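S.K.: Sequence first, predicted coordinates after that:
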Amino acid sequence: MAGGAPVIEVRGVTKAFGEREVLHGVDFDVAEHEAVALIGASGSGKSTLLRCIDLLEEIDDGDIFLDGEVITDPSVSPVAVRRKLGVVFQAYNLFPHMSVLQNVVLGQMRAQGARRREAEEEGRALLARFGLAGREGDRPDELSGGQQQRVAIARAFAGKPRALLLDEVTSALDPELVGEVLEAVRDLKAEGMTMVIATHEMTFAREVADEVAFLHEGRIVEAGPPAQVLEDPRAEETQRFLARLLRAGRA
Amino acid sequence: MTETAATAPGERRLERAAAKRRRHRRNALIAALSSIVVIGGIAALVLTSPGWPTVRETFFSWSEFKNAFPEVLSGFWLDVKVFMVVEAAVLVIALVIALVRVNRSPGLFPVRLLSTVWVDVFRGVPTVLLVYLIGFGVPALELEGLPTDPVVLGGIALTLSYSGYVSEVYRAGINSVHWGQTDAALSVGLTQAQAMRHVILPQAIRRVGPPLLNDFVSLQKDVALISIIGPQEAFRVAQIYQGENFNYTPIIAAAMLYLVITIPLARIVDRMGGAGGVR
Ligand SMILES: Nc1ncnc2c1ncn2[C@@H]1O[C@H](COP(=O)(O)OP(=O)(O)OP(=O)(O)O)[C@@H](O)[C@H]1O
Ligand SMILES: [Mg+2]
């Protein structure tokens, strides 16, 4: 199942906010066509790690590589790196003053210099693919949460990224809307998209991920195939985390 | 069951609609009566006051009004022209100042410092003093190339003062846009500048519409301040007239001209702010 060369390599990444160190030397690889589920308690640093990979946060130590090239060097343009990655945020972060279609094509037109006609054609196709045909002209706030998150996925995917970073894409959704968003992620997985998926949905992680990495207090404590990490965890912290989830009825 | 269910809502609906109409009628009646009582009371008080006949003669003389109006109106036209030019300049300059102030790049530090000083100083000094200082101070320098026309100097003073205020309005709007919007814009590959231009500013400007219009209304009125350095704008014209004829009616005429502009502006502000106008 696991694919070829690593697309993303995270090496000894440390990140502090002021005095508080949130990531303490994180190591973590994502191979091409592979989906890695990033699990961990609230506050363990999942979002921070994804933001560091997209260079939305500046790391303090360590390095991150994209396709074998270091991206955390001051000489590297963050804009060029971000154009090769797609991010879907926990709270959608759609642009409320633009139509659904404009949300999807903004990056294409402004960053990648695509022409309007082509960008919009692709955008429409993408929206249709995620079940949003006919909603192109709507404002984001006219859509349900699940629809908004699918627009966000289409927007992140529109730039044909080397990898997608998904940050708890279902945690802001009503339970009955979770399924449609997970379906969209499955779809991307099926076409071989390389992904890092921060998630609280263990069933989903088990089903879609090639590898599960457990982040605990800013360190990857355990990583491996879902069957191993989720069914037969070695680290004590993982065991405790999963037991807690089980008690809460989330696993 | 099905029959009652089909007819009952219809009856209830009619009943409710009738009750609602009665309530509206009663409210309208109360509003009308209380207005008549209050306005009538004030009018009666003023009209029966011992000084009223004199006041009517010196403030509300129809013949004086007819005599002075054309000149006051042409003075007011100057106010309107100054207002429009200053307003356009303020909108642009204030935006530049706001953008400089929210930008964190170190290369812009000197400009940022300058902008902060600009806002602090020009917003901190009363507009009337600024008009006075620039109106008389700049010509006193006797420098080649500096404007000496009091209309231009007054306009510059107003521009300095109001761009200070308005830049803070813009800045508040920019800061009110959630940082997640910048993240999202950067994540789709936009540069900082593109994120500002296409994502942050459009949202910020939409939000500051009402406070901006509010500042327009007060600028429109403050244009009268340039009269202290000489230009023959509405208030100045009215004052000269009043001095010659010992009658204040032209000043009432000028006030009315201001209202013609500021009241519609105020209603637009209400509409934009969702306040719903007169209530
Ligand atoms: N900009 C910031 N400034 C200061 N502290 C921050 C900032 N962003 C995150 N943190 C802190 O870093 C820690 C990790 O946060 P992060 O959002 O990465 O956790 P998470 O694993 O994504 O949690 P959740 O599951 O709740 O989303 C938290 O304690 C948080 O308070
Ligand atoms: Mg998070």
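M.R.: Great, that's in hand. Ligands and ions are numbered 1, 2, ... in the order given.
S.K.: mind listing what's buried in stretch B:210-229?
M.R.: B:210-217, B:219-220, B:222-229 (16 or more other Cβ atoms under 10 Å in any protein chain shown). All C-beta spots, glycine's among them, are computed from the backbone N, C-alpha and C.
S.K.: Tell me where chain A has strands.
M.R.: For chain A, applying DSSP state E gives strands covering A:6-17, A:20-31, A:35-39, A:61-66, A:69-70, A:85-88, A:163-167, A:195-198, A:211-216, A:219-224.
S.K.: Would you mind measuring from residue A:73 to residue A:55?
M.R.: 11 Å (Cβ to Cβ, to the nearest Å).
S.K.: which of the two has more neighbours?
M.R.: Higher neighbour count among residue A:73 and residue A:55: residue A:55, with 22 against 9, using other Cβ atoms under 10 Å in any protein chain shown.
S.K.: For the chain, give me the ranges with low pLDDT.
M.R.: Using chain A. Low-confidence segments of chain A, defined by pLDDT under 70: A:1-3, A:250-251.
S.K.: I was thinking of chain B, sorry if that wasn't clear
M.R.: In chain B (pLDDT under 70), the answer is B:1-9, B:273-279.
S.K.: again, only using 50
M.R.: B:1-3, B:275-279 (pLDDT under 50).
S.K.: From chain B, how far off is residue A:197?
M.R.: According to Cβ to the nearest Cβ, to the nearest Å, residue A:197 stands 16 Å off from chain B.
S.K.: list the contacts for that residue?
M.R.: A:35, A:36, A:37, A:38, A:166, A:169, A:185, A:205, A:208, A:209 (Cβ atoms under 8 Å, 6 or more residues apart in numbering or on different chains).
S.K.: Equivalent analysis for residue A:138, please.
M.R.: A:99, A:100.
S.K.: which helix of chain B spans the most residues?
M.R.: helix B:2-47 (DSSP state H).
S.K.: all helices for chain B, in order.
M.R.: Using DSSP H, helices in chain B cover B:2-47, B:52-59, B:62-102, B:109-124, B:127-140, B:150-176, B:179-187, B:192-195, B:201-222, B:234-245, B:249-273.
S.K.: sorry, that was for the stretch 151-251 of chain A
M.R.: Under the criterion DSSP state H, counting those that start in this stretch, helices of the stretch 151-251 of chain A are mapped to A:175-190, A:202-208, A:226, A:236-247.
S.K.: closest one to chain B among those helices?
M.R.: Chain B lies closest to helix A:175-190 among these, at 16.4 Å (Cβ to the nearest Cβ).
S.K.: Endpoints of stretch A:70-83, how far apart?
M.R.: 15 Å (Cα to Cα, to the nearest Å).
S.K.: For that stretch, buried residues please.
M.R.: Quick answer for stretch A:70-83 (16+ other Cβ under 10 Å): A:71, A:72, A:78, A:81, A:82, A:83.
S.K.: How about it and chain B, touching?
M.R.: Yes - contact of stretch A:70-83 with chain B (Cβ under 8 Å from any Cβ of the partner chain) involves A:78, A:79, A:82, A:83.
S.K.: Kindly indicate which of those residues lies nearest residue A:231.
M.R.: residue A:82 (36.3 Å; Cβ to Cβ).
S.K.: residue nearest the centroid of chain B?
M.R.: residue B:217 (1.4 Å; Cα atoms, centre = their mean).
S.K.: what's the spacing between the residue of chain A most remote from its centre and chain B?
M.R.: Centroid-distance maximum for chain A: residue A:117 at 28.6 Å, with Cα atoms, centre = their mean. The gap separating residue A:117 from chain B is 19 Å, by Cβ to the nearest Cβ.
S.K.: From residue A:134, how far off is that residue?
M.R.: 20 Å.
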